[in-house]
Structure formats: structure tokens, C-alpha cells
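Engineer: No letters, just coordinates:
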């Protein structure tokens, strides 16, 4: 049996993560022990692994698709962009700040050893490893430092599937150009290609995909339609995440911070409410949410200079609900002190202060909310620098009862005068809490209560995979691993 399949793309954002996820679920359903792998991710959307470490959200979800416990072995290197540099996460822990030249010249050899070790262990312990590439394998200006695309494919002896985004246009050229720029040995690894995100009549493609495949000496696996889903990907684009329901009901404004992180926090709200991402202009909403960010003080400064901070304060005076998550929670406090001892005034809506420290908190959490008639069990995860402490009278938001599988008893977050703050990412994916929270606001606004709907991740993965399997020649994919 072939031990590895690799999904590479003709560009960034073509849907590699989702194609890899569907392939993983397909083979897992067919009885194979499958694991995901991506050597290096660059993303602000991360998750907490079983080890209590930080990993890419994409590989975390792919592990769920495989029915296994997410581990940093599946994503040994994570790069989180910042204003003028990036934070390097290695095996789930901060490894320092880097710029592109430093990374390319000083760290690639060391990091390749870590990549090769993680990949080797996964291949040893599983029937099949489904590997995801990054960007394009033919970024020739960056290829000398490649530790994520064809170098990985060669190390794994993987059959490579190229994915092209046909919704962008130029998909035939994307595939042809990629194959032309690959080295001879690399071309031999490519088994075929598929088109992704197709809208319209398939007959318009004619037999040209097959002709292109024949001319390149590879297979054409098929065309996957554009699938509207709420499964978090490596990169989340606000432009692609529109609201669907409750247009006449609750209005939610999410502040579109320059370094906004973990956008999938809001997917359940997008599914059920009228949500707008705001970067300028008026804020017309019943709830204002300040999300997580990789740059708390920098984004707080932007919030003030953009005049959005003033508008949030005005909204609070009118009784509008304000909700902060992670970095947004820190901004709602009175004061923030960074690692160098520099201080910045927060919005002052919660009587708390935050002090940043070099260590980073990473944990999966469970707890209980019992606040103003809302009582619910919740779970999620925290990833943040800094300790937030009360400096006045507040109500804690959550009593945390479990941390990384161990029993604990402490409080997270704060509530004060219609202002909520918490470090718990994924808070709105807790259906019971979110339904009670929104309906308590609907009652104040004179609206009728509504049921809150959010499918489990397994249900969403199954739905996506079924469309994938029915859209392509799945038998050709099976033959790649001699199934």
C-alpha cells in the first residue's frame, strides 16, 4: 500500500485544506488508519492540540476527519504573522520572532530535521498520511528553502494531487504552468489534478480537462463544485463569510481588526444572525464583538485612531452589549502592560488589567457559565500571552472545571454593565449557551425567541466529503494507495 498522498495547489487559497480533509475522511471511512500532515503553516487561525500545544486549525480539523486525536506532530511548524515580523511556533511552542531572511537563511536546515522526524513517525504509525502543501510548489524564488512542498513529497514518496481553483479563472493555465515549472523528478510525483470551486454547468468544460491531462501525462480526477460550508480553513477571508439568516433580527458587528485571529469563532453567528465585519464608518448593532488578535496593543492603537473605540464607548452608554474574546477581552480592560513594561490604556469598560509575559497559555478548557439567568456548560480553548486580573468589582464569566483533561476550579473572564470578556475561543460554538445568550437579548429587544442551529464538526465534514466523493472519479484516488 502506498503510504502517502500529497495535496498541492497551483496557488494559495485554492482549497488544499478542504480537499485533504475530504480525502482523509474518505479513506478513514474505508477502514484505513489515516493521519494528516503539513510541514509548515502560516496562519493566525490556530487550535490547541492534545498535548496542550499550538497547531494549525486546518490540521486540527483534518485530524477530526481522520477520527484521531489532533497532535503537533501533524503540524510541526506554525508561523503567525505580526506587524513587522512573525512568531515562529515549533512543535506547538514559541520559538522566537523571525523575519523572512532570517528564517530562510538560518533556520531551514534545523526545521527540516524536525519536519522529517514528524513525518517519519506519522508514516510509521499509520496506514496512510495525507499531506498538505503550502501555496504553490513552483514559487521558484523561494524554492531553495522549500520544506513544505516537493521536498516533503520526495521524502514521503507521495503521489501528488494538484488542486486548481477554477472559480478564479485560468485553471487550465494554472495546471499547465505549474507542471512546466516543476523539475523532471518532481513531475514524476504528480499523479493528476482536479478543479475546485466550480459554479455553473459542467458541460461547459467539454473534454478539455482530459485533453490537458493527456498532454501533461497525468490524470484528471474531476471537478468539485463550489461548496458553501462553515468548516474553518487555514486562511479565513471575511469577504467569503457572509450571514445567511435572521436579517430582521439581532444585528452583530464584529470589529475587523488588522491582525484579527481565529475567525471561525464567529461562524455559528454567521449561520444564525445578521453579522457585519466593521473596519470603518458607523456601527449599527445590538452586539459589538471585539475579536482575538495577534497584536493586542497595536490593534488597540488602530481602534483608537480609527475612531471605532469612541463609537464602541458611545454604544456602551446606550446599553449596547459589548463582547471581547481573547485580545478583545484585554482591550476592554483599564490597562495593558507589555513584556517591556510599556503601558497602554484600554477602553476601560471592564475593571481588569492585563500584564503580558513571555510564556504563552495554551489549553483546552471546559467550564460552567451561570450569569444573569444564563446557565450552560461550555468548552473551547485558550491561546494567549498575558494574565488578566480584576482591579474592581466584577462578575466572572466562566468557572473553569477542566483544563487539558484534568479537573481544575478557577474563573475566566469578566462581566460588568452589559460588557463581557473571555479568553475562551469557540465560545459561540456552544449551542446551549449561545441560544440562551441571544434569546436573552431578543427578549430585551422585543423579538421572539429562536432556536440556534449549529451542526457538529463531524456532520459538516461528512456533508462536504459526500459532495467531494460524488464529484470526482474516486476510484482513481483509491488506486493511488492501491486500495
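Structural biologist: Good, I have the coordinates. Everything numeric in this text was worked out from a predicted model, so none of it was measured.

Engineer: For the rest of this, base every contact and every neighbour count on C-alpha atoms.
Structural biologist: Fine.

Engineer: ok, and the closest non-adjacent residue to residue 209?
Structural biologist: Residue nearest to residue 209 in three dimensions, not counting chain neighbours: residue 220, with 6.5 Å by Cα to Cα, 6 or more residues apart in numbering.

Engineer: I misspoke; the intended subject was residue 230.
Structural biologist: In this structure, residue 230 finds its nearest non-sequential neighbour in residue 267, 6.2 Å apart by Cα to Cα, 6+ apart.

Engineer: Can you give me the domain assignment for the protein?
Structural biologist: Using automatic domain parsing, the domains assigned to the chain come out as 4-231+459-479, 247-449.

Engineer: where's residue 164, which helix or strand?
Structural biologist: Mapping residue 164 onto the secondary structure by DSSP states H and E places it in strand 159-165.

Engineer: can you give me the offset of that strand from its chain's centre?
Structural biologist: Relative to the mean C-alpha coordinate of its chain, strand 159-165 is positioned 21 Å out (Cα atoms, centre = their mean, to the nearest Å).

Engineer: pretty sure residue 62 is touching residue 16, no?
Structural biologist: No: in terms of Cα atoms under 8 Å, residue 62 does not count as a neighbour of residue 16; the distance is 11.4 Å.

Engineer: which intervals of the stretch 201-350 of the chain have sub-threshold pLDDT?
Structural biologist: Segments of the stretch 201-350 of the chain classed as low confidence (criterion: pLDDT under 70) are 233-248.

Engineer: and with 90 instead?
Structural biologist: Low-confidence regions of the stretch 201-350 of the chain, defined by pLDDT under 90, span residues 227-250, 259-264, 267, 270-273, 279-282, 284, 294-295, 338-343.

Engineer: So which residues of the stretch 51-200 of the chain form helices?
Structural biologist: If you assign secondary structure with DSSP state H, counting those that start in this stretch, the helices in the stretch 51-200 of the chain sit at 57-66, 100-102, 108-125, 150-156, 171-181, 184-187.

Engineer: and these, which is most packed in?
Structural biologist: Per-residue neighbour counts averaged over each of the helices of the stretch 51-200 of the chain give the maximum for helix 57-66, namely a mean of 26 (mean count of other Cα atoms under 10 Å).

Engineer: counting contacts, what elements does that helix pack onto?
Structural biologist: Applying 3 or more Cα pairs under 8 Å, 6 or more residues apart in numbering; DSSP states H and E, we find helix 57-66 packed against helix 16-29, strand 34-37, strand 46-48, helix 457-471.

Engineer: how does it look with 6 Å?
Structural biologist: helix 16-29 (3 or more Cα pairs under 6 Å, 6 or more residues apart in numbering; DSSP states H and E).

Engineer: same question for the helix it packs on, mean pLDDT?
Structural biologist: Across helix 16-29, pLDDT averages out at 96.

Engineer: Give me the sheet partners of the strand ranked longest in the chain and which way each runs.
Structural biologist: The strand that spans the most residues within the chain, counting by DSSP state E, is strand 352-371. Taking DSSP bridges as the criterion, strand 352-371 pairs within the sheet with strand 335-337 (parallel), strand 374-390 (antiparallel), strand 398-403 (antiparallel).

Engineer: so which of these comes closest to residue 6?
Structural biologist: Across the strands paired with strand 352-371, residue 6 has its closest neighbour in strand 374-390 (29.2 Å, Cα to Cα).

Engineer: tell me which residues of that closest one are tucked away?
Structural biologist: Under the neighbour-count criterion of 16 or more other Cα atoms under 10 Å, strand 374-390 has 376-386, 388, 390 buried.

Engineer: What residues of stretch 460-470 count as buried?
Structural biologist: Taking 16+ other Cα under 10 Å as the neighbour-count basis, stretch 460-470 is seen to contain the buried residues 461-462, 464-465, 468-469.

Engineer: Relative to residue 85, which of the residues you listed is nearest.
Structural biologist: Scanning these for proximity to residue 85, where the rule is Cα to Cα, the winner is residue 461, at 34.3 Å.

Engineer: which residues does that closest one contact?
Structural biologist: If you count contacts by Cα atoms under 6 Å, 6 or more residues apart in numbering, residue 461 has none.

Engineer: Please tell me how far it sits from residue 52.
Structural biologist: Taking Cα to Cα, to the nearest Å as the measure, residue 461 falls 24 Å from residue 52.

Engineer: same deal with residue 306?
Structural biologist: Here residue 306 is placed at a distance of 36 Å from residue 52 (Cα to Cα).

Engineer: The two: which is more packed in?
Structural biologist: For residue 306 and residue 52, the more surrounded residue by other Cα atoms under 10 Å is residue 52, and the numbers stand at 22 against 14.

Engineer: so what's the closest residue to that one other than its chain neighbours bridging to?
Structural biologist: On the basis of Cα to Cα, 6+ apart, the spatially nearest residue to residue 52 that is not a chain neighbour turns out to be residue 363, at 5.1 Å. Beta-bridge pairing for residue 363 (DSSP bridges): residue 382.

Engineer: So for residue 362, what's the pLDDT?
Structural biologist: pLDDT, residue 362: 87.

Engineer: Next, count neighbours for it.
Structural biologist: With neighbours defined by other Cα under 10 Å, the count for residue 362 comes to 22.

Engineer: Could you say which helix or strand holds the residue nearest to residue 230?
Structural biologist: In this assignment (DSSP H and E), residue 267 forms part of helix 267-272.

Engineer: what does residue 211 give?
Structural biologist: Remark: residue 211 resides in helix 208-216, with elements defined by DSSP H and E.

Engineer: Please identify the buried residues of the helix or strand that that helix is followed by?
Structural biologist: Sequence-wise, the next helix or strand downstream of helix 208-216 (DSSP H and E) is strand 219-225. Judged by neighbour count (16+ other Cα under 10 Å), strand 219-225 contains these buried residues: 219-225.
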